[in-house]
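J.: Requesting a structural model of the entry that follows:
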Amino acid sequence: MDYATRMRTKLSSSLQPVRLEIEDDSQRHAGHAGADPVGETHFNVTVVSAAFEGKSRVARQRMVYEIVAEELKERVHALGLRTLTPSEDVR
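T.: As a prediction, this is how the structure comes out:
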């Protein structure tokens, strides 16, 4: 299973988001630390979940990092995170 799918499964299960977007951004980081030509090292993730209600931006990000800790240890080098509550999600 690829890393984006693994993260999607874990985040969906743990946070029950109303919106979850995971974009592999690895190609833009070629030559940077942690980059791999195969990809799946750098991701942009947007999670919109009621689980973030009343939590600071840092607390929200920590929640996400805990959920995908295994992927961060194995291959994923960087996550760009947007963590929003449903009321904050104004697309």
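J.: The longest helix along the chain packs against which elements?
T.: Ranked by residue count under DSSP state H, the longest helix found in the chain is helix 3-15. Counting contacts by 3 or more CB pairs under 8 Å, 6 or more residues apart in numbering; DSSP states H and E, helix 3-15 packs against strand 19-24, strand 42-48, helix 57-67, helix 69-74. For every residue, glycine as well, the C-beta is placed using N, CA and C.
J.: Which residue lies nearest the spatial centre of the protein?
T.: For the chain, V45 is the residue whose C-alpha lies nearest the centre (CA atoms, centre = their mean; 3.9 Å).
J.: Now do the contacts for that residue.
T.: M7, L11, L20, E21, I22, E23, V64, L79, G80, L81, R82 (CB atoms under 8 Å, 6 or more residues apart in numbering).
J.: Excluding chain neighbours, give the residue nearest to the fourth one in space.
T.: Using CB to CB, 6 or more residues apart in numbering and skipping the chain neighbours, the partner closest in space to E21 is T46 (4.3 Å).
J.: Bridging across strands, which residues link to the one you found?
T.: Beta-bridge partners recorded for T46 (DSSP bridges): E21, R82.
J.: hang on, isn't it packed against L84?
T.: Yes. Using CB atoms under 8 Å, T46 makes contact with L84 at a distance of 7.4 Å.
J.: Understood, closing this out.
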